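*Asks:* 3D, please:
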Amino acid sequence: MATVLSVSGSPSVSSRTAKLLRHLDTRLAAQGHEVIPLDVRTIPAEALLGADFQHPAVVEAAGLFARADGVVIATPVYKAAYSGVLKALLDLLPQYALAGKTVLPLVTGGSTAHVLALDYALRPVLNSMGAAHIVQGWFTLDKDITTGRDGSVTVAPGSAEALAQVVDQFSAALGRRHLLAATG
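*Replies:* Sure, this is the predicted structure:
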C-alpha cells in the first residue's frame with residue numbers, strides 16, 4: 001500500500017510518546033502499509049543543534065521524508081509546544097518536505113491544558129511545510145498510556161478508541177491518495 005514515516009519527536013529513551021507511536025505503527029502495518037520508524041533523538045545532537053544539513057543522519061532523515069507517502073509525527077508537549085528536538089529536525093528539512101504527503105499529528109501531555117498545542121503549535125508548522133492533507137490529530141494524556149515490563153503498551157479505553165479512529169482515518173486518506181496517484 002503506502003510508505004509511512006513514523007516520527008517520534010521525544011528526546012527521552014523511555015518516552016511514552018515513542019512507545020505509543022510504535023504501538024500505533026503495528027496497526028498501520030496490519031493495514032498493509034510499510035512503516036519506517038524514526039526516533040529524532042537518535043540523530044546526533046551536534047548535527048541537529050549545529051544545523052549540519054550535510055550530516056549523514058540529517059541527509060538520511062530528509063531522504064526518509066522524501067520517500068514517504070504519509071508521515072505520522074508524535075511529540076510530547078513542552079512549554080505549550082512540540083519538542084525542541086522535533087523543531088530542530090523540522091528546521092533542517094527542505095521547506096516543502098511534506099509536499100504531497102498525508103500527515104497525522106499526535107501529541108501527548110500531562111494535562112488537557114496542553115491540548116491546544118496540537119492545533120496552535122504543531123499543525124501550522126506542518127502546513128507551512130506543504131502537507132497535502134493533515135488529518136485530524138489526537139492528544140493523549142500521559143496517564144492514559146501505560147507500559148508493561150515486557151514493553152507492551154496499553155491505552156485507556158476512551159483514548160484507545162479515539163486513536164484507532166484517527167489512525168484508520170489517516171490510513172484511509174493514504175489509500176485514497178495512493179489510488180489517485182496510481183490511476184493518475
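*Asks:* CA only for contacts and neighbour counts going forward, please
*Replies:* Will do.
*Asks:* what residues sit buried inside the lengthiest helix in the chain?
*Replies:* For the chain, the longest helix by residue count, based on DSSP state H, is helix 157-183. Neighbour counts over helix 157-183 (16 or more other Cα atoms under 10 Å) mark 159, 163, 166-167, 169-171, 173-175, 177-178 as buried.
*Asks:* adding pLDDT and distance to Ala2, write those out as JSON lines.
*Replies:* JSON lines is the format used below for the buried residues of helix 157-183 (pLDDT from 0 to 100; distance: Cα to Cα, whole Å):
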{"residue": "Ser159", "pLDDT": "95", "distance to Ala2": "25"}
{"residue": "Leu163", "pLDDT": "97", "distance to Ala2": "20"}
{"residue": "Val166", "pLDDT": "97", "distance to Ala2": "17"}
{"residue": "Val167", "pLDDT": "97", "distance to Ala2": "14"}
{"residue": "Gln169", "pLDDT": "97", "distance to Ala2": "14"}
{"residue": "Phe170", "pLDDT": "97", "distance to Ala2": "11"}
{"residue": "Ser171", "pLDDT": "96", "distance to Ala2": "9"}
{"residue": "Ala173", "pLDDT": "95", "distance to Ala2": "10"}
{"residue": "Leu174", "pLDDT": "93", "distance to Ala2": "7"}
{"residue": "Gly175", "pLDDT": "86", "distance to Ala2": "7"}
{"residue": "Arg177", "pLDDT": "70", "distance to Ala2": "9"}
{"residue": "His178", "pLDDT": "61", "distance to Ala2": "7"}
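*Asks:* let me know the closest of those residues to Thr147.
*Replies:* Ser159 (14.8 Å; Cα to Cα).
*Asks:* ok, the closest one touching Thr146?
*Replies:* No. Ser159 is beyond contact range of Thr146, at 12.0 Å (criterion: Cα atoms under 8 Å).
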